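Can you look at this prediction? I've put the sequence above it.
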Amino acid sequence: MYFTTAEITAWVGSILWPFLRIGAMLVAAPLFGAGTVTVRIRLGFAFLLALVVAPLIPLPPAVEPLSLAGVVISVQQILIGLTIGFVMQMVFSAMTQAGETIALSMGLGFASMVDPQQGVQVPVVSTYFVIVSTLIFLALNGHVALIELTLMSFHTMPIAVDGIVRADLWNLVNWGSTMFVYALLVALPAVASMLVVNISMGVVTRAAPQLNIFAVGFPMMILLGFLLLLLTLPVLLPQFTELLAEAFGLMGGITGR
């Protein structure tokens, strides 16, 4: 059997460039890019998806992978995958920010542990929000929708020299304000309630100076904080679902879907 250089180049390009886009998404996205998922598993899963999607996507350009145009195409595929994964990472960062704000208001800012998603030290309340958000994300088949959007991006944004432009990056930067808005919306009920508790403690201290506010106030704030977390838990589902919808809308707009 004899193969021409053009045929070998086409075969390599049809696997390599989808693999780069999918692999970059898996590295940047939450759940797939967690520290508990080994690099070997991510690479194997990305290569498997690239093999599956290669016959179904438009033919890539007949460009040498090691040429200047081929390097530009490879960089574009990595940038597209990282953009998709980074948007989803910002969704979970909003939950982390909300947990940090609540933890500081209830006096648990010093109690921290390793975040299973990002691998950094965050307050315990942030870890709680990340775990609950991950369960909601899986229950809504968000991981399946993320993979589907990445595979559909090969039709809406085919493999080519052009891809992510400056306007798309600005849209991604501007969407960062949405992350902080939803973090504030998630944390606002608990933070506002804890503010009322702090004011009440101040009134009690002024009314009874003999009362040791440090011995009574801190345990009371932590107890009321856990109670508020329990009461505000049902509100997390619609807010997180709405944030996910906006994130998928942004990803679809960037990839041209």
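Okay, I see it.

burial of Leu49, as a residue count?
20 (other C-beta atoms under 10 Å). In this view, the C-beta of every residue, glycine as well, is placed from N, C-alpha and C.

how about it, what does it touch?
By C-beta atoms under 8 Å, 6 or more residues apart in numbering, the contact set of Leu49 is Pro18, Ile22, Ile147, Leu151.

any idea which of those residues is closest to Pro61?
Nearest to Pro61 among these is Pro18, at 13.3 Å by C-beta to C-beta.

What about the closest one, how many residues nearby?
Neighbours around Pro18, by other C-beta under 10 Å: 27.

can you offset everything so residue one is 43?
Taking 43 as the first residue, the last one we looked at is Pro60.

does it really touch Leu98, like I thought?
No - in this structure Pro60 lies outside contact range of Leu98 using C-beta atoms under 8 Å: 9.8 Å.

ok, now how distant is the closest residue to Ala70 other than its chain neighbours from Leu98?
Nearest non-adjacent residue to Ala70, counting by C-beta to C-beta, 6 or more residues apart in numbering: Gly127, 2.8 Å away. Going from Gly127 to Leu98 by C-beta to C-beta, to the nearest Å gives 21 Å.

Now do the helix or strand containing the residue nearest to Ala70: which elements does it pack against?
Gly127 belongs to helix 110-148 when assigned by DSSP states H and E. Other elements packing on helix 110-148 under the criterion 3 or more C-beta pairs under 8 Å, 6 or more residues apart in numbering; DSSP states H and E are helix 47-70, strand 163-165, helix 166-181, helix 184-198, helix 208-216, helix 218-249, helix 255-296.

Check which residues of that helix are buried.
For helix 110-148, the buried set under the neighbour-count rule, 16 or more other C-beta atoms under 10 Å, comprises 112, 115-116, 118-148.

With stretch 288-299 instead?
Buried residues in stretch 288-299, counting neighbours by 16+ other C-beta under 10 Å, are found at Glu288, Ala289, Phe290, Leu292, Met293, Ile296, Thr297.

Quick check: the last one touching Pro200?
It stands for Thr297. No - Thr297 lies out of contact with Pro200 (C-beta under 8 Å); the separation is 10.5 Å.

Please report the number of neighbouring residues for Leu211.
Counted with other C-beta under 10 Å, Leu211 comes out at 13.

Can you tell me the closest non-neighbouring residue to it?
Excluding the flanking residues, the one nearest Leu211 by C-beta to C-beta, 6+ apart is Thr125, at 8.0 Å.

For that neighbour, which residues are in contact?
Ile206, Asp210, Leu211, Leu214, Met293, Ile296.

if you set the cut-off to 10 Å instead, what comes out?
66-67, 70, 195, 205-206, 210-211, 213-214, 292-293, 296-297 (C-beta atoms under 10 Å, 6 or more residues apart in numbering).

What is the lowest-pLDDT residue among the residues you listed?
Least confident by pLDDT among these: that is Gly205, with 76.

And the nearest residue to that one once chain neighbours are set aside, how far from Phe134?
Nearest residue to Gly205 in three dimensions, chain neighbours excluded: Gln118, at 3.7 Å (C-beta to C-beta, 6+ apart). Distance check for Gln118 against Phe134: by C-beta to C-beta, it reads 26 Å.

so Gly149 touches Met263, yeah?
Yes - in this structure, Gly149 is within contact of Met263 by C-beta atoms under 10 Å, at 5.1 Å.

shared neighbours of the two, which are they?
Met236, Asn240.

ok, now which ones touch Ile201?
Taking C-beta under 10 Å, 6+ apart as the test, what Ile201 contacts is 55-56, 58-60, 62-63, 99-103, 105, 115-116, 118-119, 122.
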